[in-house]
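S.K.: my questions concern the predicted model and sequence given below.
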Amino acid sequence: MDRVLSVEQLNASYRKNKVLDNVSFEVLPGTLTAIVGPNGAGKSTLLKAILDLHPRLSGVVSCFGSPYAQVKSRIGYVPQRGSVDWDFPTNALDVVMMGLYGKIGWLKWPKRKHRELALAALEEMGLGNYADRQISQLSGGQQQRVFLARALVQDADLYFLDEPLAGVDAATEKVIMDTLNTLKNKGRTVMVVHHDLQTVEEYFDHVLMLNRTVIAHGKTADTFNQANIMRTYGGSLRWMGDRLG
């Protein structure tokens, strides 16, 4: 089966602090992968380094067998909600249509079909009635759904999401996970930085366990076990409770 993503000996740092150390893994199509690890493990940096948003010290990244820059139209990205300027004066529909600029063209006006695609994506997220609402007036969960709609409207083959479930309500969490499973069932590939170890087994069929380097990677049923959790998190797991019993 052809690899959707290949990362080989990836190294990255912030200033003089090495954040990613010789990271290597491969991802197959039609998988839903959780990226887990302690704070400071390099999870967000990994996504940014793959997407050319953070410089690499060394290493090779290929998506669909090509450099990211050559296939970026096939890739969707949802950043952490806290990294977005939600006071920017725009409404939910305009945010979603930003995901179509690769098809519209940056200097062209969107057409009716583009507006209809964006509205359909908002409807899918349960936000059809919020199209004209300023994003600053939306709740945190609604803002997260808007950004997921923006990624969906790209109709990508590979999606990266950075903690999409952080701080959202139960209803939004269900909408997001239902959407991600629908993508997986369509043969799309999804990688999600995830913080809640209690739901890894329920939500994801694959897991990448990261602490600056890859500790373990594979099917959740085979990989997400006590030994690998302890190797990834060390002594920071007192709050895991029964999961380590």
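M.R.: That came in fine, so what should we check first? Numbering: from 1, shown residues only.

S.K.: what strand or helix carries the residue nearest in space to the middle of the chain?
M.R.: Taking C-alpha atoms, centre = their mean, the centroid of the chain lies closest to residue 161, which sits 1.2 Å from it. Taking DSSP states H and E as the criterion, residue 161 maps to strand 158-162.

S.K.: so for that strand, mean pLDDT?
M.R.: Strand 158-162 shows a mean pLDDT of 96.

S.K.: so which elements touch that strand?
M.R.: Secondary-structure packing of strand 158-162 (3 or more C-beta pairs under 8 Å, 6 or more residues apart in numbering; DSSP states H and E): helix 43-50, strand 75-78, helix 140-152, helix 170-185, strand 189-193. C-betas here are computed from N, CA, C, even on glycine.

S.K.: what residues does that strand touch?
M.R.: 4-5, 43-44, 47, 50-51, 63-64, 74-80, 83, 148, 151, 180, 183, 188-193 (C-beta atoms under 8 Å, 6 or more residues apart in numbering).

S.K.: run the angle between it and helix 43-50 for me.
M.R.: Strand 158-162 and helix 43-50 meet at an angle of 140 degrees, taking axes from the mean of the first three to the mean of the last three C-alpha atoms, to 10 degrees as the criterion.

S.K.: follow-up on the earlier one: make CSV from the helices and strands packed on strand 158-162 and add distance to residue 221 and mean pLDDT to it.
M.R.: Below are those laid out as CSV (distance: least, C-beta to C-beta, whole Å; pLDDT from 0 to 100):
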stretch, distance to residue 221, mean pLDDT
helix 43-50, 22, 96
strand 75-78, 26, 91
helix 140-152, 27, 89
helix 170-185, 16, 93
strand 189-193, 17, 98
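
S.K.: can you find the helix or strand of this structure with the lowest average pLDDT?
M.R.: None of the helices or strands of the chain scores lower by mean pLDDT, DSSP states H and E than helix 101-104, at a mean of 60.

S.K.: list the buried residues in the helix or strand hosting residue 21.
M.R.: Under the criterion of DSSP H and E, residue 21 resides in strand 17-27. Applying a neighbour-count criterion of 16 or more other C-beta atoms under 10 Å, the buried positions in strand 17-27 are 19-21, 23, 25, 27.
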